Structure formats: structure tokens, C-alpha cells
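# task: produce atomic coordinates for the following.
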Amino acid sequence: MKFRSRADRIFDWANAGFLAVLALAMIFPFFYLFSVSFTTFDEYLRSQFLIWPKKWVADAYLYILESQSFMRSLKVTVIITLIGTATNLAFTSMMAYGLSRKIIGQQTIMFMVLFTMLFSAGMIPSYLVVKETGLLDSIWALIIPSAIAPFNLIIVRQFFMGIPREIEESAIMDGANDLSIFARIILPLSKPVLATFTLFYAVGHWNNYFSGILYLNDATKWPIQVILRQIVVQSDAINALGVANQAMLESPPPPETVQMAAILVATVPILIIYPFLQKHFAKGVMVGSIKG
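As a prediction, the model looks like this:
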């Protein structure tokens, strides 16, 4: 057994204590949201800082489930996330594969990719481009302008450059073309990096609200984050949700509990994905960043 000095043991305890406090600081806001979302109106009014409700009720969750605008925005967000992530992965992987091989104008294209990382056109030119291309007030305005993230493209390209060329040469000798090599060899070998950026892109689409505010005028096409902004910023959850059930309108739950419930419902789905893709983070990003 390795001997550990007193200083080492003190450091271990201090490190464990620091990490425990840090974990508690991150978990506590979610626990507070969870507790407040299940409290009753009277108990919420009496308690200045609620930790554990004496009586648990699900009125706030029933209320938001009755909201057509909330459920519609949740459906829109799911559609945008699925289609947007698939689009991101397709465009990023195909362009990264092309740039990982010697092609005409490779350096020029890479310079333009790096240029976009350093300089941005800004909000007004981006809006004008979206408007002139006919994407305004369409969910495609939230997908196509961000189809490729330059940083992600560079990491995926570096990963592709690290795949031995001998594998591709063997496939070419067997009669495979570039498309077959990309689909049957490169993509299966790139599962770690693709899984990593699947989560990155999905989280980006799920949490995106500014593009929805900027490009979407039709409230029926708003993603869930825009609805949450209406609920939290305007501090008027009852009117923002627009519940159609008149029976619920007679005695709606406290707006604060509705806010907490809405935030949790909008946050939990994307959190569920993390455990399934977390193991690919270090492998995907680190391998892609050091190879080539």
C-alpha cells in the first residue's frame, strides 16, 4: 500500500469537500425549482424560502400541460432539434471529409472557415440574408444559417485526417467510390467524435431562443425557449401560456410555480440525453484535436 503523508490526506479531504460544495451549488437550483413547482399557493405565500413542501401538488404541471402554446412550442423545439442536428452532422461531416483530403482550393476554403471564427457579419446583415433568402418566419431560419459550426468542422476534420489512408486505399482497390468510403468506412470509425458533436448541436438548438425572437414573427412557430422567455422575463406565466381550459382559469396555480414547472419541463429532456453521450466527450474531442 502506498504511503500517504498527512499533507496528502489533508489535500484529499479539502479537494473532496470543495467538489462536494461545488456539486451542491449546481444541484440546489434544480432542487429548489422542483420543490417550488410542487407547492401549494398558500404554502408558497407563507414561505419566504421554500425547501421542502409540506403538501405536494402537481397543479402547475397540469396547468402547463393544458397550455396549447407551451405544448406546441415544445413540439416545435423537438422538430427543430432533430432536423437541425441531422442537418448539422450531415453538412459538417461531409465538408470536414472533403477538407481532410487534398482538393483544389483547400487552403482558400480553410481560410474562409477560420475567418468566420474571428469575424462575424453581425445581427443586421444576418437578418437581411435570412430575409432575402425567403427563410424569414420559417423554422429553417433557425437551422440553415447555423448548419456548420466552424470550430466543430475543424475538430471533425482533424479526426478524419487521423484515420489511416491505407484503409481507404484498400477500399478503392475493391472498387469503392468516395461516397461509399465515406458512408461505410469513415462514418462508422468516427462514432466518438460524431456522438460528441451530436450533443453539442442538439443542446445548441434546444437552448436557442435569440434566433426565434429575431426571425420568427408567428407565435405558433416559437420554440420552447421563447415561450420560457415570455414566462420568466414578463413574469406573467398565466397570460403567456394562454390555457384554454376555463376550469383551470378559475383557480390557476401561482405564476411562480408555473414558471418553475415550465423551466423543468423544458430542461429535463435535454438532460436525459447527457448520460448516453457523455462517455464520448473526452475521446471524441481530444482525439479530434490532437491528430493530423
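
# the chain: strands as residue ranges?
Along the chain, no segments are classed as strands by DSSP state E.

# low-scoring pLDDT stretches of it, where are they?
1-4, 233-252, 277-292 (pLDDT under 70).

# measure the residue nearest the centre of it to residue 90 for me?
With distances taken as C-alpha atoms, centre = their mean, the chain has residue 203 as the residue nearest its mean C-alpha position (0.6 Å). Separation of residue 203 from residue 90 (C-beta to C-beta, to the nearest Å): 18 Å. In this view, the C-beta of every residue, glycine as well, is placed from N, C-alpha and C.

# please apply the same query to residue 48.
Distance, residue 48 to residue 90, by C-beta to C-beta: 52 Å.

# residue 161 now?
As judged by C-beta to C-beta, residue 161 and residue 90 stand 20 Å apart.

# ditto for residue 172
Distance from residue 172 to residue 90, by C-beta to C-beta: 23 Å.

# then residue 76?
Applying C-beta to C-beta, the value for residue 76 to residue 90 is 21 Å.

# who touches residue 181 in this structure?
Residue 181 makes contact with 168, 171-172, according to C-beta atoms under 8 Å, 6 or more residues apart in numbering.

# closest to residue 84 among those?
Closest to residue 84 out of those is residue 168 (30.0 Å), distances taken as C-beta to C-beta.

# wait, that closest one touches residue 185, no?
Yes. Between residue 168 and residue 185 there is a contact at 6.8 Å, judged by C-beta atoms under 8 Å.

# dump the residue contacts of residue 93.
By C-beta under 8 Å, 6+ apart, residue 93 lies in contact with 156, 187, 190, 194.

# ignore what I typed, I meant residue 160.
Applying C-beta under 8 Å, 6+ apart, the residues contacting residue 160 are 96-97, 100, 186, 190.

# between these, which is closest to residue 125?
Minimum distance to residue 125 across these is 25.9 Å, recorded for residue 96 (C-beta to C-beta).

# okay, residue 12 and residue 26: tell me how far apart.
21 Å.

# try residue 116
Distance of residue 116 to residue 26, given as C-beta to C-beta: 33 Å.

# and the two? which has more neighbours close in?
residue 116 (14 against 9; other C-beta atoms under 10 Å).

# what about the closest residue to that one other than its chain neighbours, neighbour count?
With C-beta to C-beta, 6 or more residues apart in numbering as the criterion, residue 116 has its nearest non-adjacent residue at 5.2 Å, and that residue is residue 150. Using other C-beta under 10 Å, residue 150 has 16 other residues around it.

# OK, contacts around residue 150?
113-114, 116-117.

# repeat for residue 212
142, 221-223, 225-226.

# give me phi/psi at residue 209?
The phi/psi pair for residue 209 (degrees, to the nearest 10) reads phi -130, psi -30.

# what sits against the nearest residue to it once chain neighbours are set aside?
The shortest distance from residue 209 to any non-neighbouring residue, by C-beta to C-beta, 6+ apart, is to residue 225 (3.4 Å). Applying C-beta under 8 Å, 6+ apart, we find residue 225 in contact with 77, 206-209, 212, 266.

# now, of those, which are buried?
77, 206-209, 212, 266 (16 or more other C-beta atoms under 10 Å).

# residue contacts, the nearest residue to residue 189 once chain neighbours are set aside?
Once flanking residues are discounted, residue 189 sits nearest to residue 163: 5.8 Å by C-beta to C-beta, 6+ apart. With contact taken as C-beta under 8 Å, 6+ apart, residue 163 is in contact with 186, 189-190.

# out of these, the closest to residue 36 would be?
residue 190 (43.3 Å).

# burial count for the closest one?
23.

# residues contacting it?
Shown in contact with residue 190 (C-beta under 8 Å, 6+ apart): 93, 156, 159-160, 163.

# spatially nearest residue to residue 130, not counting backbone neighbours?
Going by C-beta to C-beta, 6+ apart, residue 130 has residue 141 as its nearest residue, at 5.1 Å.

# wait, doesn't that neighbour sit right on residue 218?
No. Residue 141 is not in contact with residue 218 according to C-beta under 8 Å; the separation is 11.2 Å.
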